[in-house]
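J.: Sequence and computational prediction follow.
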Amino acid sequence: MKKLFTLLMCTAVLTFVSCEDEPLEGDFVTGGVSCEAAIANTAQAALNFLSVNDDNYEQLCLAYRSALQAQITACGDPDGSLQLALNALGDCSVILANNCEDATTAVASAQAAFNNATNDDYSTLCNAYRATLQNQIAQCGDEDGSIQLTIDDLGDCTIDNEEPADVTGTWLLTAWNGTEPIDLDGDGVESINFLDEMDCYENETIVFNTDGTGVTMSTSFASFIFDIVVGTTDEFSYTIECEFEDENTNFTWTQNGNIVSTSDGTDTTDLTLNGNELSIFVPEGFLAFSSDFTATTTQDLTFVYTKQ
């Protein structure tokens, strides 16, 4: 059975707009509605549905379903995301529950969408990501404050229309942001930024030259081994093995708005430029092996480079 905030994985693709806080009643008109109006209706229905309770669940669920169907009719659904949200609602006959696991899953999905945001959908995906983070705090708590810090970093989810920052120059790797905080160094403090948990990857840089060429400089790499903490089934102690290296990779690059694309002749990588930060989302970028190499644990990562 799907749970309520699984739906937030789908709302990451909707357009969130500023609307009045009046309750939504009845169905939306599907015949002849413009795509713009359908998107606004869906955004309002989605926001109302976030505050659902036992008394208004069926009403707001049906309103949300109608809005989604109207948007599909008016705008189409090329990537199937609207239909996914529609399917997740079911028939609106059962009040669904929340829990930490679903909240965390929703954050990962919304973060993945946000990390690939463009200027056109930045605010939409940012607001969806922020909503999932706020729900994660409500469902899971936030002992080290890392979730709230991420929310604070999002600001008001708006970007200006000024010319993108100049990408030329040197950028230093400053964060490996995972989807869940972990305690890699065993000091009892978890962090969402895995670089804070190890003495490795300390001088990884990317240099962009003005002529469209560049070089990635790698000085180290790490492998991660874990053991299950005695008496638990889901707590791990980690061993980090950091190997030093001196490896440079040449590439060419182009920039289109806030997207910087690099190519080493074999692979092309897209990085998102936001002020003085460049980021790239890497699915399952963190991989750790059990000490007997019979099991693995993974997390999606967002690498963040800061301009020097």
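T.: Sure thing, it's come through. Residues are numbered from 1 along each chain as shown.

J.: The closest residue to Phe224 other than its chain neighbours: what's it in contact with?
T.: Nearest non-adjacent residue to Phe224, counting by CB to CB, 6 or more residues apart in numbering: Ala288, 3.7 Å away. Where C-beta positions appear, they are placed from N, C-alpha and C, glycine not excepted. Shown in contact with Ala288 (CB atoms under 8 Å, 6 or more residues apart in numbering): 224-226, 236, 238, 296-298.

J.: ok, of these, which come out buried?
T.: Buried members of those, scored by 16 or more other CB atoms under 10 Å, are 224-226, 236, 238, 297.

J.: still on that earlier bit, just put the contacts of Ala288 in TSV and tack on secondary structure.
T.: Formatted as TSV, the contacts of Ala288 follow (DSSP: H, G, I helix; E, B strand; the rest coil):
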residue	secondary structure
Phe224	strand
Ile225	strand
Phe226	strand
Phe236	strand
Tyr238	strand
Thr296	strand
Thr297	strand
Thr298	strand
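
J.: Tell me the one of the residues you listed nearest Tyr129?
T.: Thr298 (20.6 Å; CB to CB).

J.: so that closest one bridges to which residues?
T.: Leu287 (DSSP bridges).

J.: Quick check: pLDDT value at it.
T.: Thr298 carries a pLDDT value of 91.

J.: how about the strands of the stretch 101-250 of the chain, start to end?
T.: Here the stretch 101-250 of the chain has its strands, by DSSP state E, counting those that start in this stretch, at 169-182, 191-193, 205-208, 213-228, 236-256.

J.: Give me the sheet partners of the third one and which way each runs.
T.: Translated: strand 205-208. strand 169-182 (antiparallel), strand 213-228 (antiparallel).

J.: The longest one to strand 236-256, inter-axis angle?
T.: Using axes from the mean of the first three to the mean of the last three CA atoms, to 10 degrees, the interaxial angle of strand 213-228 with respect to strand 236-256 works out to 160 degrees.

J.: okay, and for the stretch 51-200 of the chain, where does confidence drop off?
T.: 51-52, 81, 84-85, 88-89, 93-99, 102, 106, 109, 120, 160-165 (pLDDT under 70).

J.: repeat that with 80
T.: 51-57, 64, 77-99, 101-110, 112-125, 127-128, 131-132, 135, 158-165 (pLDDT under 80).

J.: so what's the residue sitting nearest the centre point of the chain up against?
T.: Nearest residue to the geometric centre of the chain (CA atoms, centre = their mean): Gln111, 0.6 Å. Contact analysis of Gln111 by CB under 8 Å, 6+ apart lists 129, 132, 179, 281, 300, 302.

J.: wait, Phe303 sits on Trp171?
T.: No - assessed by CB atoms under 8 Å, Phe303 is found out of contact with Trp171, at 10.5 Å.

J.: More neighbours: which of those two?
T.: Taking other CB atoms under 10 Å, Phe303 and Trp171 do not tie; Trp171 has more neighbours (24 against 19).

J.: Any chance of JSON lines for the strands of the stretch 101-250 of the chain, columns distance to Leu82?
T.: Listed next are the strands of the stretch 101-250 of the chain as JSON lines, based on distance: least, CB to CB, whole Å:
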{"stretch": "strand 169-182", "distance to Leu82": "24"}
{"stretch": "strand 191-193", "distance to Leu82": "30"}
{"stretch": "strand 205-208", "distance to Leu82": "37"}
{"stretch": "strand 213-228", "distance to Leu82": "38"}
{"stretch": "strand 236-256", "distance to Leu82": "27"}
